[in-house]
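Chemist: Coordinates only, no sequence provided:
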Ligand SMILES: Cc1ncc(COP(=O)(O)O)c(C=O)c1O
């Protein structure tokens, strides 16, 4: 199957009872077990089957199989949010005394997980520019067990060469590479193919596409995913609700057409912004002057719908634009069919200090766009009138 057929048909479960065309929603927390002996075998994982929805649910299972298929993974695990996926994946790979390397541009709450939570459990970290493979190599310690990369990275769209970083693992077999591929979606990028061990997504974003649920997913080898499920998901409990899984699967039917339109619109918006006299810099990997344009071209099938730009006049100018857009909504998520705008320094990345932000070009006068699938002329006209207020 080709990509657009795949996103619609892959791993679709047919309902043998009613023939329902759309997969049924199993909105249940528990399952009636046939008898004592079988109940014990199912509960103790000796036999495969559904026991309790924190351990597995048929609707969530269908979603997981679909993601595994699209990510070219052996298995996947749905989670209650993107952070549920990131924390479960990373916690399953570290123990007290270990060391993590992570990229200097990542989503603010992921940054907080590594800098504020994991150190309390004895997990040390080093922050590195992961576009510099030598810098990553040099940061490796004898106790490094995880390299964590977000690509494209939120909010300044840094692109890390996944294959190059995965290459480091040849000399360090204890290290696992975890990639947050939320900005790309499985339609535009498959990190496992480039050598990552686990890929994580906030399914709240492009996978769902309509801003109706919070959800996440981890995909990788059966061995690593089994470990994420038991005991980590079993005990941390960041489970994906069946209704959310079902809702995402409806959204995923249009993932291909949505992603293609996001990409088409975003490049036009980026080119418009680049020429605007009040715009200092545009961060979009589809632009030829983006420092990792070639890497993006190599590992992605399109450049996505996310971008940031710096506005002359700093925070006051950013506020003017944020307060005057009419089609873009001022909202802190991304990946929806409709366009969103936000202020990264004070919203998605408020967990970083001003120095930490400025070191990676997250400036006060910067806004981030999630370019939707509306008519691009309307999006450009909206930005034009908002920038015109400056
Ligand atoms: C790149 C990236 N990863 C993960 C997350 C967290 O996802 P969630 O809000 O679903 O927990 C976000 C949220 O914005 C994000 O931008």
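Modeler: Happy to help now that I have it. Since the model is a prediction, treat every value here as computed from it, not as a measurement. Residues are numbered from 1 along each chain as shown.
Chemist: From now on I want contacts and neighbour counts done on CA atoms only, so please keep to that.
Modeler: OK.
Chemist: quick one: the residue nearest the centre of the chain from residue 4, how far?
Modeler: Taking CA atoms, centre = their mean, the centroid of the chain lies closest to residue 182, which sits 2.0 Å from it. Distance, residue 182 to residue 4, by CA to CA, to the nearest Å: 19 Å.
Chemist: Kindly report the same for residue 348.
Modeler: In terms of CA to CA, residue 348 sits 31 Å off from residue 4.
Chemist: what's the answer for residue 190, then?
Modeler: On the measure of CA to CA, residue 190 and residue 4 end up 15 Å apart.
Chemist: Among residue 348 and residue 4, which residue is more densely surrounded?
Modeler: residue 348 (19 against 15; other CA atoms under 10 Å).
Chemist: Isn't that one up against residue 332?
Modeler: Yes - at 6.8 Å, residue 348 counts as touching residue 332 under the criterion of CA atoms under 8 Å.
Chemist: confidence score at residue 174?
Modeler: Residue 174 is assigned a pLDDT of 96 by the prediction.
Chemist: just residue 15 next, same as before
Modeler: 86.
Chemist: how about the nearest residue to it, chain neighbours excluded?
Modeler: Counting by CA to CA, 6 or more residues apart in numbering, residue 15 lies nearest to residue 23, which is 6.5 Å off, once chain neighbours are set aside.
Chemist: For that neighbour, which three-state class applies?
Modeler: Of the three states, residue 23 takes coil under DSSP: H, G, I helix; E, B strand; the rest coil.
Chemist: residues contacting residue 248?
Modeler: Residue 248 makes contact with 203, 207, 208, 209, 213, according to CA atoms under 8 Å, 6 or more residues apart in numbering.
Chemist: Check which helix or strand the fourth one maps to.
Modeler: When secondary structure is defined by DSSP states H and E, residue 209 falls outside every helix and strand.
Chemist: Return the distance of it relative to residue 253.
Modeler: The value you get for residue 209 to residue 253, if CA to CA is used, is 10 Å.
Chemist: and if you look at the third one?
Modeler: With distances defined as CA to CA, the gap from residue 208 to residue 253 amounts to 9 Å.
Chemist: Neighbour count: these two, which is higher?
Modeler: residue 208 (29 against 18).
Chemist: Does the more buried one touch residue 247 like I think?
Modeler: Yes - under the criterion of CA under 8 Å, residue 208 makes contact with residue 247 at 7.2 Å.
Chemist: Which residue does the stretch 251-390 of the chain have closest to the ligand?
Modeler: The ligand sits closest to residue 333 of the stretch 251-390 of the chain, with a gap of 5.6 Å, by CA to the nearest ligand atom.
Chemist: How many residues are close by that residue?
Modeler: There are 16 residues near residue 333, going by other CA under 10 Å.
Chemist: Equivalent analysis for residue 179, please.
Modeler: 25.
Chemist: Tell me if it really is in a helix.
Modeler: No - read with three-state DSSP, residue 179 is strand and lies in no helix.
Chemist: For it, give me its contacts.
Modeler: 148, 149, 150, 151, 191, 196, 198, 199, 200.
Chemist: got the contact list for residue 324?
Modeler: Neighbouring residues of residue 324 by CA under 8 Å, 6+ apart: 385, 386, 389.
Chemist: measure residue 176 to the ligand for me?
Modeler: As judged by CA to the nearest ligand atom, to the nearest Å, residue 176 and the ligand stand 18 Å apart.
Chemist: same thing with residue 208?
Modeler: 10 Å.
Chemist: distance of that residue from residue 149?
Modeler: In terms of CA to CA, residue 208 sits 22 Å off from residue 149.
Chemist: Please verify my assumption that residue 217 contacts residue 205.
Modeler: No - assessed by CA under 8 Å, residue 217 is found out of contact with residue 205, at 11.4 Å.
Chemist: for this structure, what's the longest helix?
Modeler: Secondary structure assigned by DSSP state H gives helix 255-275 as the longest helix of the chain.
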